[in-house]
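> coordinates for the following, if possible.
(2 chains)
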Protein chains: 2
Amino acid sequence: MLSRTLVSAFKRQFSSSSVAANRAVVYSQNGNPSDVLTALTFPDLPPPKPHSVNIRFVLSAINPADINTIEGVYPSKPTLTSALNSSGLGSPDHPVFVGGNEGLAEVVEVGDGVHGLKKHDWVVMDKSQLGTWSTTRNVNVADIIKLPFKETDGLSKAHGATMTVNPTTAFNMLGEFVDLKEGDWVVQNGANSAVGKLVIQIAKSRGLNTLNLVRASVNKKPRRAGATRVLTYDDLKDRTTRSKIQEWTSGKDIRLGLNCVGGEANTAMVKLLGHGAHLVSYGAMSKQPISLPTSLFIFKDLTSHGFWQTRWSKAHSREEKESLIASLASMMVDGKLKAPEHEIITLGANESDEQVTQKIRLIFSDMAQGKYAKKVLLKLEDKE
Amino acid sequence: MLSRTLVSAFKRQFSSSSVAANRAVVYSQNGNPSDVLTALTFPDLPPPKPHSVNIRFVLSAINPADINTIEGVYPSKPTLTSALNSSGLGSPDHPVFVGGNEGLAEVVEVGDGVHGLKKHDWVVMDKSQLGTWSTTRNVNVADIIKLPFKETDGLSKAHGATMTVNPTTAFNMLGEFVDLKEGDWVVQNGANSAVGKLVIQIAKSRGLNTLNLVRASVNKKPRRAGATRVLTYDDLKDRTTRSKIQEWTSGKDIRLGLNCVGGEANTAMVKLLGHGAHLVSYGAMSKQPISLPTSLFIFKDLTSHGFWQTRWSKAHSREEKESLIASLASMMVDGKLKAPEHEIITLGANESDEQVTQKIRLIFSDMAQGKYAKKVLLKLEDKE
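This is a model prediction of the structure:
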């Protein structure tokens, strides 16, 4: 709950603005997003300080991890900002968190000492929890990466707005653990997930084969994305499936397994891995732990890792990160990596903060009920 | 069950020998050791072929994995031998497996082209499942490693007979996964196990601290072996234990966990590990799987491996293996690594094959009932 002071500060804020200038979706304490998120109008940003730029967000993604971040249970924490207002929410007296971790932005103004960035350049975030649910932000140049392509080159806004979380995860999981050669096989569960579909496409573009495990046989999405083979978890219970897989892989050991489900769907998948394989987990959709017979580790030389792009990012150089983004952007421009199916929700310039607050809270309450099958991208309109 | 032909061959064999010449404990088919093991007398070995030596076993260990090997469920398989007899068991018509994977032997005769080995040298096995439950064997020099010390140097027979399975495992688990520096901490469950006690001693000699988890608080064995700290699994349920551990480690992350139990004892232990830690499993005494929250892998960057000395041995050079054995033998001679508590069972030269068969079957039936708290070492007497 907002404190009495904050509520009155908040009311003061939105009642004074009929048409939004700049706006952010913020929260001042952790909790359920549909309780704590608030739209906040704030004045134009001052000119950027040296080595920083002012950016305007084109499209900002809502990711599942954003919910955990707002709830306060995600290991990667945002920092409070007091730079949005001189009084009220977002001021030094009442700092706020700006929501959002991923988004596509355009440079609008460049500070002194900034090289290699100019007005209208497209940029993505190179630091987690920067707060992308905002019309505009001032950011250090070290915290953003310039995209090598724009819309005129064939890179869509949706591509740009969803580049730094899932595609990087899919790309790095295929590259960081096993030295895969053309023709090698990768097995993954949750193959219909956003990352799962990216894994299929990136693997295909590298000449790798994917064996994709899904829940329902009717679901043809992995195949559409370029999956080599698709099996359901039920198929795995069939004794003949093993020999079918042997035939597909020509008896070649599968050395990489990607897991975002956990529980039985993972245990069943790991049995398909060959000697010396690596299991990489990046999610736990079943909410069940990873449970595996010890003998797999001892005698089959299984190694089990986790992958978290945030950690990868902290551990790698700027050059490596720029190169990663460039590789992904190239694949997108070349049509090898599709943007996720998405729905753009506009937070209109003419809506009041109260209206936008209601709208954003409803989005999260609908999301919690599974009403969004597609990725939700926010378009925060400003006065321009 | 032995086939009719084999039984008669076997009877012919032992009825013709009143005093044992050479003897081996063998089996011709997989099964319960107390059903399938048979003592077999065989003639003197011919002189060794080039690049081989004839060895006489001084003491041979019985390890838990031997039971699984005889049952046929262990991944490391012995090879059949037909070189023991010209007729009957152990002949080309009725090849047998000689039991035993670990033991100390003495060189008795050296073949042509053998360098660096002479009569009376002590050797241990460098290949798994060579068949150590025998008075004598002919072995390739590539399959054995000469010990740099003998009894006169302070290396006991029991040290030599138990060097290649548990001490190598303990040593390598401390060295292969995390680059541990003096003062670093290692946590292990099953700290009272044979390997657990070796881990404590090797860690101590390297200046590493061990946090040892055991079932019963009354058990002081890990402390006697040089454990830095000992806790019971029940202690871990106490909320104050965590801060106690923080105090012991001065807040330093524990980066290596060794697991031979699995199940809850492992899950509880893994929670004590710090960021980027490695869990190494080498046993599953609880017969429960390794079950861990996925978040530990993703956000705490846990990596879970298995360790199997047989695999290590295949993957490493002769020089590395000789160096490992030399390091362990030095620690033993220096009093830093005790031989396990053990019981020597003599299979006497004057006993008949039938008597020895009964004796060895009884040992395994008693073992299965947990009647041996100590390591059992076999002393197979020959006619000399």
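
> which residues does residue A:25 contact?
For residue A:25, the contacting residues are A:37-40, A:98-100, A:133-134, A:347, A:356, A:360, A:378, A:380, by Cβ atoms under 8 Å, 6 or more residues apart in numbering or on different chains. For the C-beta atoms, the positions are set from N, CA and C on the backbone; glycine is no exception.

> please tell me how far it sits from chain B.
25 Å (Cβ to the nearest Cβ, to the nearest Å).

> hang on, the earlier thing: let's have the contacts of residue A:25 in JSON lines, adding distance to chain B.
Compiled in JSON lines, these are given as follows (distance: Cβ to the nearest Cβ, whole Å):
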{"residue": "A:37", "distance to chain B": "24"}
{"residue": "A:38", "distance to chain B": "28"}
{"residue": "A:39", "distance to chain B": "31"}
{"residue": "A:40", "distance to chain B": "30"}
{"residue": "A:98", "distance to chain B": "23"}
{"residue": "A:99", "distance to chain B": "20"}
{"residue": "A:100", "distance to chain B": "20"}
{"residue": "A:133", "distance to chain B": "23"}
{"residue": "A:134", "distance to chain B": "26"}
{"residue": "A:347", "distance to chain B": "31"}
{"residue": "A:356", "distance to chain B": "32"}
{"residue": "A:360", "distance to chain B": "27"}
{"residue": "A:378", "distance to chain B": "26"}
{"residue": "A:380", "distance to chain B": "30"}
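
> which ones among the residues you listed lie within strands?
Using DSSP state E, the subset of those located in strands is A:38, A:39, A:40, A:98, A:347, A:378, A:380.

> pretty sure the fourth one contacts residue A:136?
No. In this structure, residue A:98 is not within contact of residue A:136 by Cβ atoms under 8 Å, at 10.7 Å.

> residue in the stretch 151-300 of chain A nearest to chain B?
As assessed by Cβ to the nearest Cβ, chain B sits closest to residue A:297 within the stretch 151-300 of chain A, at 2.9 Å.

> excluding residues flanking it in the chain, which one is nearest that residue?
Leaving aside its sequence neighbours, residue A:297 sits nearest to residue B:306 (Cβ to Cβ, 6 or more residues apart in numbering or on different chains; 2.9 Å).

> that neighbour: what's it in contact with?
Counting by Cβ under 8 Å, 6+ apart, residue B:306 makes contact with A:294, A:296, A:297, A:298, A:299, A:300, A:301, A:302, B:280, B:281, B:282.

> number of residues surrounding the residue nearest to residue A:134 when sequence neighbours are not counted?
Residue nearest to residue A:134 in three dimensions, not counting chain neighbours: residue A:24, with 3.7 Å by Cβ to Cβ, 6+ apart. Residue A:24 has 28 neighbours, counted by other Cβ atoms under 10 Å in any protein chain shown.

> state the mean pLDDT of the helix or strand hosting residue A:65.
Taking DSSP states H and E as the definition, residue A:65 sits inside helix A:64-71. What helix A:64-71 shows for mean pLDDT is 96.

> and the contacts of it?
A:27, A:30-33, A:36-37, A:74, A:76-78, A:97, A:99-101, A:129, A:165, A:364, A:367-368.

> return the subset of those residues lying in strands.
Per DSSP E, these map to strands at A:27, A:97.

> could you flag which of the contacts of helix A:64-71 are buried?
Neighbour-count burial within these applies to A:27, A:30, A:33, A:36-37, A:74, A:78, A:97, A:99-101, A:129, A:165, A:364, A:367; the criterion is 16 or more other Cβ atoms under 10 Å in any protein chain shown.

> got the residues of the stretch 51-200 of chain A near chain B?
residue A:75 (Cβ under 8 Å from any Cβ of the partner chain).

> strands along the stretch 51-200 of chain A, start to end?
For the stretch 51-200 of chain A, applying DSSP state E, counting those that start in this stretch gives strands covering A:52-62, A:97-98, A:102-110, A:122-125, A:136-140, A:144-146, A:185-188.

> among those, which is nearest residue B:322?
strand A:185-188 (38.3 Å; Cβ to Cβ).

> distance between stretch A:144-154 and the chain's centre?
18 Å (Cα atoms, centre = their mean, to the nearest Å).

> buried set for that stretch?
A:144, A:145, A:146, A:147, A:149, A:150.

> for stretch A:193-213, same thing?
A:193-206, A:208-213.

> how long is it end to end?
In terms of Cα to Cα, to the nearest Å, the two terminal residues of stretch A:193-213 are separated by 11 Å.

> got a pLDDT number for residue A:86?
You'll see residue A:86 listed with a pLDDT of 83.

> could you pull out the helices in the stretch 251-384 of chain A for me?
Using DSSP state H, counting those that start in this stretch, the helices of the stretch 251-384 of chain A run over residues A:263-270, A:294-298, A:309-315, A:318-333, A:353-368.

> looking at the ones you listed, which is buried most?
Comparing those by mean neighbour count (mean count of other Cβ atoms under 10 Å in any protein chain shown), helix A:294-298 ranks first with a mean of 23.

> which neighbouring elements make contact with that helix?
When contacts are defined as 3 or more Cβ pairs under 8 Å, 6 or more residues apart in numbering or on different chains; DSSP states H and E, helix A:294-298 packs onto strand B:278-281, strand B:303-306.

> deepest of those strands, which one?
Counting by mean count of other Cβ under 10 Å, strand B:278-281 has the highest mean neighbour count of the helices and strands packed on helix A:294-298, with a mean of 24.

> wait, residue A:58 touches residue A:161, no?
Yes. Counting by Cβ under 8 Å, residue A:58 does reach residue A:161; the two are 6.9 Å apart.

> what does stretch A:274-282 contact?
For stretch A:274-282, the surrounding residues in contact (Cβ under 8 Å, 6+ apart) are A:169, A:173, A:177-178, A:195, A:252-260, A:262, A:266, A:270, A:273, A:290, A:300-308, B:294, B:297-298.

> enumerate every residue touching the residue in the stretch 51-200 of chain A positioned nearest to chain B.
Residue nearest to chain B within the stretch 51-200 of chain A: residue A:75 (4.6 Å; Cβ to the nearest Cβ). By Cβ under 8 Å, 6+ apart, residue A:75 lies in contact with residue B:299.

> now it: how far from residue B:104?
According to Cβ to Cβ, to the nearest Å, residue A:75 stands 52 Å off from residue B:104.

> equivalent analysis for residue A:104, please.
Distance from residue A:104 to residue B:104, by Cβ to Cβ: 69 Å.

> cool, residue A:305 as well?
Distance from residue A:305 to residue B:104, by Cβ to Cβ: 40 Å.

> also residue A:229?
52 Å.

> who has more neighbours, those two?
Counted by other Cβ under 10 Å, residue A:229 and residue B:104 do not tie: residue B:104 has more neighbours, with 27 against 17.

> contacting residues around residue A:370?
Neighbours of residue A:370 in contact, by Cβ under 8 Å, 6+ apart: none.

> just the pLDDT at it, thanks.
pLDDT, read off for residue A:370, is 88.

> please consider this matter closed, and thank you.
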